[in-house]
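Engineer: Structure here, sequence nowhere to be found:
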């Protein structure tokens, strides 16, 4: 069990989770690291579909590191800081997949931005596990299990590219 430096308002696990990921921007930053493979501040800022402000992004990155959801490599002068998902953040993939599926069903969305959520929902837990294995490889250095077929990130990228070509 992980010790948290900040005292939670209650011992409720839902409250404890919401206190870490429940604001407007935190899950979007994690989404961009997970699905966009954006690992540097400028990539996250420039690639933000929702237009996150630099001060908000800076704050969320610090909070995510402090909460143990992102790690960052110490950079030498002139180098970019690189952010990586931790195992705890990678375990949020099913939660993010469920949130995306709910949004597809109940909120207005665009084809280009909904296609990955649809693929995640259609693939279900098996797809999520494969995607988490791929994230563990790229962020934690844990080798990806040998599996036949395309990797989840390839399938997600192809679906997104196909949706973009329709617009």
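Structural biologist: On my side now, so go ahead. Computed from a predicted structure; not experimentally measured.
Engineer: Quick check, residue 147 in contact with residue 130.
Structural biologist: Yes: under the criterion of CB atoms under 8 Å, residue 147 makes contact with residue 130 at 6.7 Å. In short, each C-beta sits where N, CA and C put it, glycine included.
Engineer: out of the two, which sits in the more crowded spot?
Structural biologist: residue 130 (20 against 11; other CB atoms under 10 Å).
Engineer: Double-check residue 159 against residue 119; I have them as touching.
Structural biologist: Yes: using CB under 8 Å, residue 159 is in contact with residue 119, at 5.0 Å.
Engineer: quick one, which of the two is more surrounded?
Structural biologist: A side-by-side neighbour count of residue 159 and residue 119, using other CB under 10 Å, places residue 119 first with 19 against 16.
Engineer: need the contact list for the more buried one.
Structural biologist: Counting by CB atoms under 8 Å, 6 or more residues apart in numbering, residue 119 touches 127, 155-156, 159.
Engineer: and the residues you listed, which of them are in helices?
Structural biologist: 127, 155-156, 159 (DSSP state H).
Engineer: Most neighbours of all these, which one?
Structural biologist: Of all the ones in helices among the contacts of residue 119, residue 156 has the most neighbours under the rule other CB under 10 Å, reaching 20 neighbours.
Engineer: I'd say that residue and residue 116 touch.
Structural biologist: Yes: with contacts counted by CB under 8 Å, residue 156 reaches residue 116, the gap being 5.1 Å.
Engineer: and for these two, which residues touch both?
Structural biologist: Shared contacts of residue 156 and residue 116, counting by CB under 8 Å, 6+ apart, come down to residue 35.
Engineer: Run through the strands of this structure in chain order.
Structural biologist: 70-73, 82-85 (DSSP state E).
Engineer: Make a markdown table out of those strands and add mean neighbour count.
Structural biologist: A markdown table is the format used below for the strands of the chain (neighbours: other CB atoms under 10 Å):
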| stretch | mean neighbour count |
| --- | --- |
| strand 70-73 | 16 |
| strand 82-85 | 19 |
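Engineer: could I get these as JSON lines with distance to residue 44 and mean pLDDT?
Structural biologist: Shown next, in JSON lines, are the strands of the chain (distance: least, CB to CB, whole Å; pLDDT from 0 to 100):
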{"stretch": "strand 70-73", "distance to residue 44": "11", "mean pLDDT": "93"}
{"stretch": "strand 82-85", "distance to residue 44": "8", "mean pLDDT": "96"}
